[in-house]
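# Here is the input, now give the coordinates:
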Amino acid sequence: ITSSRTAAGTVGATFGGYTITTSPAATSFAAVGLPPGLSLNPGSGVVSGTPTASGTYHATLSANNASGTGQPVVVVFTIAANIVFGQ
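Numbering: from 1, shown residues only. Predicted coordinates for the structure are as follows:
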């Protein structure tokens with residue numbers, strides 16, 4: 001997995017997206033420990049959704065192809081609280 005080891009979002013806001021990239025190319029992906037409200041498309045490696053809880057989450061991501069499964073990596077997702085002042 002060659003993609004960034006960090007990602008950020010905000011509670012209640014559509015997650016900007018995170019795509020697992022690999023070299024060589026992978027054909028399927030898996031994730032354990034994503035922030036609540038986010039999910040992984042196992043065919044494309046795209047993490048998307050709308051986070052529902054703030055915090056720091058350490059998700060373990062893995063990818064595989066016909067040659068096998070690559071070494072899993074930990075990606076730190078930082079989800080900020082959605083604070084609105086003056087309401």
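# where does the closest residue to Phe29 other than its chain neighbours land on pLDDT?
Distances taken as Cβ to Cβ, 6 or more residues apart in numbering put Gly45 closest to Phe29, at 4.2 Å, once the chain neighbours are dropped. For glycine as for every other residue, the C-beta is placed from the backbone atoms N, C-alpha and C. The score at Gly45 is 96. That number is its pLDDT.
# In this structure Gly45 contacts Thr27, no?
No - at 9.8 Å, Gly45 does not count as touching Thr27 under the criterion of Cβ atoms under 8 Å.
# can you pull the contacts of the closest residue in space to Thr69 that isn't next to it in sequence?
Leaving aside its sequence neighbours, Thr69 sits nearest to Ser62 (Cβ to Cβ, 6+ apart; 5.9 Å). Applying Cβ atoms under 8 Å, 6 or more residues apart in numbering, we find Ser62 in contact with Ile1, Phe29, Ala30, Ala31, Thr69, Gly70, Gln71, Pro72, Val73.
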